[in-house]
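Chemist: need a 3D model of the following:
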Amino acid sequence: MFRLKQGGLKVRMVARDGMGRILKVRTKSGEFLTPTFFPVINPNKLVITPREIKKKFKWNEIITNSYIIWRSPKLKEIALKEGLHRMLDFDGIIFTDSGAYQIWQYGDVEVSNEEVVRFQNEIGSDIGTFLDIPMPHTISIGEARRGVKLTIERAKQCKKLAEGSKTLWLATVQGSVYSNLVKKCAKEISKLDFDYYGCGSLKIATDEWRFKEQIDYLMTSHFYLPVGKPKHFWGIGHPAVFALFVALGWDTFDSASYVLYAEDYRYMTVEGTLRLNNMEELPCDCPICSNYSLEEIKKLPKDDVIKLLAEHNLWVILTEIRRIREAIREGSLWELVQQRVRTHPRLQEALFYALKKYGDYIEEFDPVTKPSAFFYSGPESNYRPEVLRAKKWLKRVKAKRFFFKKPFGSVPIGLKYVYPFGQSMIPGEEEVKDEPTDEEQIKQTIEFLFGEDASRYFEDIGVTRSKNTGMIRKVFVKGKFVGSIRPSDGFFIPNINGARLLLKASDYPKNRVVITDDAALFVSKGRSVFTKFIIDMDEDLRPYQEVLIVDKNDKLVATGKLLLNPREVKEFKNHIAVKVRHH
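Modeler: Residues are numbered from 1 along each chain as shown. Presented below is the predicted three-dimensional model:
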């Protein structure tokens, strides 16, 4: 875990997998966890009330449209007088849109950017937005260029107006399908240090399940946005797609889909959408489907049917969000993604496209070890970040004996018990019968994890074994204890003695996190390493790797577990980067 503060934003990271992460984000009305979904509340048409979302669904965050409230004299008066939370009878976290969606839908709105920003601040929005210019995938490059220019101008205006505000402010990247414009917009608004960033769904490409343009837009934006800030994906409301976009680095979503589908008599499932009139059973055990039969629902008045369907749809959405968070905690997000993309050929195509085109970038964020095993779930598994990394790291290892492991290829026998090879399930694959020698296991594991020739000083190796399993636990070099083999993933965890051997075997800055002299004094006593004290590091390091912590003279100070990748370390000013193990 780590804490960070950037501007008005306060965040604690709880877990990560793929590019997905569980963040605990603090607002003035409380905290929320990502990934999450903000149900859209239309104050003029409350099919499900905010109070019901809080009490019945145990959900603490919603989104509403500040422009709709501003446009209604009655609602505007109440919001300004009593505040947004009291007006909606909701004491949780309220995110407000600015009216940008109405620009896309109707072409213009009668409120100015300055007015809508001030209004959101005055009514007490927890998360607010300025009036950016949303763009469909069909927009011309000239129109897109003008829209990006105006979006950047309004972002700058918002930052000036919001100075001192307790509201967290979100900036949305625009540029549609034009990557150069998306890049320009992301870079310019990144300079303004917003609390939150977003991208929109490229209408009508997303509605037609044409995901390639959408993924290019999202991934280009992500690359140029601050990597530690929460990221919102506007207008995404079907549970089938959440896992994919979370794995690609998007934290929060919003939609009125749960109501819109209900008004069209559409019944959501994670696998797709069913037409109520064509159904004969309710294939769900949510509170609605558990308390009503399909026949009972069909006999109700239309408004009651819509209400019950909307509640069912929202249960399905929120349940999927919770399931995704659990997958991140247990390190099985990619397995969940591969299950979900099989609900539609276009989704599976989208996953292939993202992994093939952006695999190297995704791999930077993916942890090097996970609590859950690697499951081969289909041909897209060949392109997962664990596979890309493993194939690259295998080139470091010197060996004479190998075994074949799909999708990794030829694997040195010494890595039989090392993640991901020893913690993988491949359909139809037989168990490897050969066993590594102690020297093969120790040396090849060290080379795989720490680099070519990293094991050169590990000579005269001795081990002790677990009495229960017979597996290697402690490692000795010339009788001196140098580290342990972790049972869960087969990784070598060096102590100070082992770290000295690794340091001696590797050229600067390989495997290193370099800290200031001031920090070295505290870290040498076991304190965690904060990013503000890091002056250099190995650019190839990844989250959850074991690292050597050294001072500027390359003197060993400690060893520990890296929590962030180098991109994140450079960005954050003051939060934990390495959890110290040995010092």
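
Chemist: please count neighbours and contacts with C-alpha atoms only from this point.
Modeler: OK.

Chemist: where do the helices sit along the stretch 201-350 of the chain?
Modeler: Secondary structure of the stretch 201-350 of the chain (DSSP state H, counting those that start in this stretch): helices at 211-224, 239-247, 257-263, 287-291, 294-298, 302-330, 333-340, 345-365.

Chemist: buried deepest among the ones you listed, which one?
Modeler: helix 239-247 (a mean of 24; mean count of other CA atoms under 10 Å).

Chemist: from the rest of the structure, what touches it?
Modeler: Contacts to helix 239-247, defined as CA atoms under 8 Å, 6 or more residues apart in numbering, come from residues 17-21, 35, 269-272, 316-317, 320-321, 324, 333-334, 336-337, 340-341, 343, 347, 351.

Chemist: same check on stretch 395-412?
Modeler: Counting by CA under 8 Å, 6+ apart, residues outside stretch 395-412 touching it are 381-382, 387, 390-391, 394, 413, 421, 426, 432, 440, 444, 447-448, 451-453.

Chemist: and those, which of them are buried?
Modeler: Taking 16 or more other CA atoms under 10 Å as the criterion, what is buried in those is 381-382, 387, 390-391, 394, 413, 421, 440, 444, 447-448, 451-453.

Chemist: how many other residues sit next to the closest residue to Tyr178 other than its chain neighbours?
Modeler: Sequence neighbours aside, Ile141 is the residue nearest to Tyr178 in space, at 7.2 Å (criterion: CA to CA, 6 or more residues apart in numbering). Ile141 has 14 neighbouring residues, counting by other CA atoms under 10 Å.

Chemist: with the one 3 residues further on instead?
Modeler: Neighbour count of Ala144, defined by other CA under 10 Å: 24.

Chemist: ok, it touching Gly175?
Modeler: Yes. Using CA atoms under 8 Å, Ala144 makes contact with Gly175 at a distance of 5.8 Å.

Chemist: what about Val47, neighbour count?
Modeler: Using other CA under 10 Å: Val47 sits among 19 other residues.

Chemist: so what sits opposite Asn65 in the bridge?
Modeler: Here Asn65 shows beta-bridge partners Asp97, assigned using DSSP bridges.

Chemist: quick one: Leu225 and Ser190 touch, right?
Modeler: Yes. With contact defined as CA under 8 Å, Leu225 reaches Ser190; the gap is 5.7 Å.

Chemist: mutual contacts of Ala144 and Gly175, please.
Modeler: Contacts common to Ala144 and Gly175, judged by CA under 8 Å, 6+ apart, are Met135, Leu181.

Chemist: mean pLDDT for the helices of the stretch 201-350 of the chain - can I get that in JSON lines?
Modeler: Listed next are the helices of the stretch 201-350 of the chain as JSON lines, based on pLDDT from 0 to 100:
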{"stretch": "helix 211-224", "mean pLDDT": "95"}
{"stretch": "helix 239-247", "mean pLDDT": "97"}
{"stretch": "helix 257-263", "mean pLDDT": "97"}
{"stretch": "helix 287-291", "mean pLDDT": "97"}
{"stretch": "helix 294-298", "mean pLDDT": "96"}
{"stretch": "helix 302-330", "mean pLDDT": "98"}
{"stretch": "helix 333-340", "mean pLDDT": "98"}
{"stretch": "helix 345-365", "mean pLDDT": "97"}
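
Chemist: who wins for proximity to Asn60 among those helices?
Modeler: Among the helices of the stretch 201-350 of the chain, the nearest to Asn60 by CA to CA is helix 302-330 (11.3 Å).

Chemist: so how far is Gln423 from the residue sitting nearest the centre point of the chain?
Modeler: Centroid-nearest residue in the chain, with CA atoms, centre = their mean: Gly20, separated by 2.0 Å. Gly20 is 21 Å from Gln423, where distance means CA to CA, to the nearest Å.

Chemist: domain ranges for this structure?
Modeler: Using automatic domain parsing, the domain parsing of the chain gives 2-331, 507-582.

Chemist: out of those domains, which is closest to Val482?
Modeler: Closest approach to Val482 among the domains of the chain is made by domain 507-582 (11.3 Å; CA to CA).

Chemist: would you turn the domains of the chain into a markdown table with distance to Tyr376?
Modeler: Shown next, in a markdown table, are the domains of the chain (distance: least, CA to CA, whole Å):
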| stretch | distance to Tyr376 |
| --- | --- |
| domain 2-331 | 14 |
| domain 507-582 | 22 |
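
Chemist: and Leu225 and Ser190? which has more neighbours close in?
Modeler: More neighbours surround Leu225 than the other of Leu225 and Ser190, with 24 against 18 (other CA under 10 Å).

Chemist: separation between the more buried one and Lys166?
Modeler: Taking CA to CA, one finds Leu225 at 22 Å from Lys166.

Chemist: now Gly498
Modeler: For Gly498, the distance to Lys166 equals 49 Å [CA to CA].

Chemist: looking at the two, which is more packed in?
Modeler: Remark: of Gly498 and Lys166, Gly498 carries more neighbours, 22 against 16, as counted by other CA under 10 Å.

Chemist: in contact with that one, which residues?
Modeler: Counting by CA under 8 Å, 6+ apart, Gly498 touches Phe481, Val482, Gly483.

Chemist: was I right about the residue nearest to the centre of the chain contacting Trp250?
Modeler: Yes. Here Gly20 reaches Trp250: they are 6.9 Å apart, a contact under CA under 8 Å.

Chemist: so what sits against both of the two?
Modeler: Taking CA under 8 Å, 6+ apart as the contact rule, Gly20 and Trp250 both touch Pro35.

Chemist: which residue packs closest to Arg275, ignoring adjacent ones?
Modeler: Arg266 (4.9 Å).

Chemist: for that neighbour, give its distance to Leu181.
Modeler: Distance of Arg266 to Leu181, computed by CA to CA: 37 Å.

Chemist: rewinding a little: so which of the buried ones among the contacts of stretch 395-412 are in helices?
Modeler: Residues of the buried ones among the contacts of stretch 395-412 located in helices (DSSP state H): Val387, Ala390, Lys391, Leu394, Glu440, Gln444, Glu447, Phe448.

Chemist: export these to TSV and tack on pLDDT and distance to Phe458?
Modeler: Below are these laid out as TSV (pLDDT from 0 to 100; distance: CA to CA, whole Å):
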residue	pLDDT	distance to Phe458
Val387	98	28
Ala390	98	23
Lys391	98	24
Leu394	98	19
Glu440	98	11
Gln444	98	11
Glu447	98	11
Phe448	98	14
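
Chemist: farthest-apart pair in these, please.
Modeler: The most distant members of those, if one measures by CA to CA, are Val387 and Glu440, lying 22.0 Å apart.

Chemist: so how far does stretch 285-295 reach from one end to the other?
Modeler: Across its full length, stretch 285-295 reaches 16 Å between end residues, using CA to CA.
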